[in-house]
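Trainee: Would you be able to build a 3D model of this:
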Amino acid sequence: MRLQLLTALSLAGASAFAADVSFTKDVRPILAKNCMGCHRAEKAKGKLDLTTYEAFKKGGKEGPGFVPGDKQSITLKQIRGPEAKMPEDGDALKAADVAIIEQWVLQGAKDDTPASTAPKVPPTYSIAPAVSAMAMSPDGSLLAVAGYHEVLLHKTDGSGLAGRLLGEASRIESIAFSADGKLLAIAGGSPGQFGQAQVWDVATKAQLHSFKASGDSLYGVSFSPDATSIAFGGADKSVRIISLKDGKETMKFDNHADWVFATTFTLDGKRILSGSRDKAMKLIDASTGQFIDDVNKLLDPVLCMVRDPKQDQALYGGQLGGLRIYRISDNQKRTAGNIDDNMIRQFDRLNGPVRAVCFSPDGQLVAAGGIADEIRIYAAKDGKRVATPKGFSGPIFSLAFAPDGKKLYAAGHDGLIHVYETEKGSEVTSFPSVPISPAAPKTAAN
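Mentor: As a prediction, this is how the structure comes out:
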């Protein structure tokens, strides 16, 4: 019936029908297909972002995107007729699509964007999905693991779940506990639709905050040392800091040239370090957003990064297999030769992209994992390899040490949580990242 109404609407002329036109179901899909390639947060031609209702209404350099009820709204003028100015680099919109957008504007341009698309009940799994993110609570009692639309709180001995945190983001890219373990932050989103950061109370399992930013996924969430703010990067090439007191964005940094996969605050919380696919680890003033310096020589796209728990040093893993520790400082000794002055240690190159890195809580050990089914544990002080855990199937996406550093948890493509004994690298146990539902019994109807 909906399709018939909209088809009739387009054939007869927008003003002739009172068919209810939805921004979410009818207008946004047209914009996504034809316009968002040039008009999104990270590439806003004419300063126009069409990824959300609010941004569309705000408009760009030409003024508001639309005025409810006004047939002469700027967007309508731009897309009408054989000489339509927009889309600038593609075919003109179909007459049916133009009619739908026009009718929506004439009907008052209502915003019917759902307040939340979070599922009401936990999803069921027939197989364990790839684990994109994982984090260990500071006291070692909980392991937060990414699922579909949720983070699962596992008991670290694998004996069961302590909770399931259901949220709107379909894909979870990053998880972090606050230093006291009371809060859990999540970054992710629904790719190509929205990026979202969430903050949860671990004890009550209640969502305290939800922030939407950008039209694509968010990555690399981190807490400030006092847990009053969170930072994250994104596919829009930006770094943001959000205050947990009032939910306001207190800093936005746009000097990266590619996706930002990692963030971390310095120990005093005054600066923030970001890591990007543009190869740079950028040091930023957390209060002003002022760029201080590139910490590193630009050698390898940064895929993951973590700060030493005890000092302002950062370990990063790169696309080309690079694994290095850097001093978190400006690089004043850089010369025309582009000396990598802040680099403290370089480890053996891995046999593929490094997707996960972590420090042990005492800073004495580092671990790295990547695409080549490979996990390595090193002594942070001298770079000597301590162990090479085996038995993992497929790429590794997340690693976490137990608080005493004696166990290493690994997760990734095979959907299992593998637990290794650190000193020798032997596997202690493994368990599914999600509860697996038994297959439904076959019947004659099947």
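
Trainee: Let me know how buried the closest residue to Arg277 other than its chain neighbours is, in neighbour terms.
Mentor: Using CB to CB, 6 or more residues apart in numbering and skipping the chain neighbours, the partner closest in space to Arg277 is Asp258 (3.9 Å). Where C-beta positions appear, they are placed from N, C-alpha and C, glycine not excepted. Neighbour count of Asp258, defined by other CB atoms under 10 Å: 14.

Trainee: quick one: low-confidence ranges for the stretch 201-350 of the chain?
Mentor: Along the stretch 201-350 of the chain, segments meeting pLDDT under 70 span 332-338.

Trainee: mind giving me the domain split of the protein?
Mentor: 2-106, 134-432 (automatic domain parsing).

Trainee: and among these, the most buried is which?
Mentor: Greatest average neighbour count among the domains of the chain goes to domain 134-432 (a mean of 20), per mean count of other CB atoms under 10 Å.

Trainee: what distance separates that domain from the middle of the whole chain?
Mentor: 11 Å (CA atoms, centre = their mean, to the nearest Å).

Trainee: if we can go back for a sec, quick one: closest of the domains of the chain to Ala115.
Mentor: Within the domains of the chain, the stretch nearest Ala115 is domain 134-432; the backing value is 9.3 Å (CB to CB).

Trainee: For the closest one, measure first residue to last.
Mentor: The first and last residues of domain 134-432 sit 13 Å apart, counting by CA to CA, to the nearest Å.

Trainee: tell me the secondary structure for Ala356?
Mentor: Put simply, Ala356 is strand when judged by DSSP: H, G, I helix; E, B strand; the rest coil.

Trainee: element containing the residue nearest to Arg277, please.
Mentor: According to DSSP states H and E, Asp258 maps onto no helix or strand at all.

Trainee: residues contacting it?
Mentor: Residues counted as contacts of Asp258 (CB atoms under 8 Å, 6 or more residues apart in numbering) are 237, 276-278, 301.

Trainee: After the longest strand seen in the chain, which helix or strand is next?
Mentor: Longest strand of the chain, by residue count under DSSP state E: strand 161-177. Following strand 161-177 in sequence order, the next helix or strand is strand 183-190 (DSSP H and E).

Trainee: List the neighbouring strands of that next one plus their orientation.
Mentor: Next to strand 183-190 in the sheet, as set by DSSP bridges, lie strand 161-177 (antiparallel), strand 194-201 (antiparallel).

Trainee: any chance of those strands in JSON lines, plus distance to Pro435?
Mentor: Below are these laid out as JSON lines (distance: least, CB to CB, whole Å):
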{"stretch": "strand 161-177", "distance to Pro435": "7"}
{"stretch": "strand 194-201", "distance to Pro435": "19"}
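
Trainee: For Glu427, which of these is the nearest?
Mentor: Going by CB to CB, the one of those nearest Glu427 is strand 161-177, 21.8 Å.

Trainee: With just CA atoms, put that closest one into CSV.
Mentor: The C-alpha trace of strand 161-177 is given here as CSV (Å, rounded to 0.1, in the frame of the first residue of the first chain):
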residue,chain,number,x,y,z
LEU,A,161,27.5,-14.0,32.0
ALA,A,162,27.1,-11.3,34.5
GLY,A,163,25.1,-9.0,32.3
ARG,A,164,24.2,-8.0,28.7
LEU,A,165,24.2,-4.3,27.8
LEU,A,166,21.8,-3.8,24.8
GLY,A,167,22.3,-0.6,22.8
GLU,A,168,21.4,1.0,19.5
ALA,A,169,24.8,0.6,17.7
SER,A,170,24.7,-2.7,15.7
ARG,A,171,28.5,-3.0,15.6
ILE,A,172,30.8,-2.4,18.6
GLU,A,173,34.3,-1.2,17.6
SER,A,174,35.8,-0.3,20.9
ILE,A,175,35.3,-0.9,24.7
ALA,A,176,36.9,0.7,27.7
PHE,A,177,36.5,0.6,31.5
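
Trainee: thinking again about what came up before, please convert the domains of the chain to CSV, extending it with distance to Thr117.
Mentor: Converted to CSV, the domains of the chain look like this (distance: least, CB to CB, whole Å):
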stretch, distance to Thr117
domain 2-106, 10
domain 134-432, 5
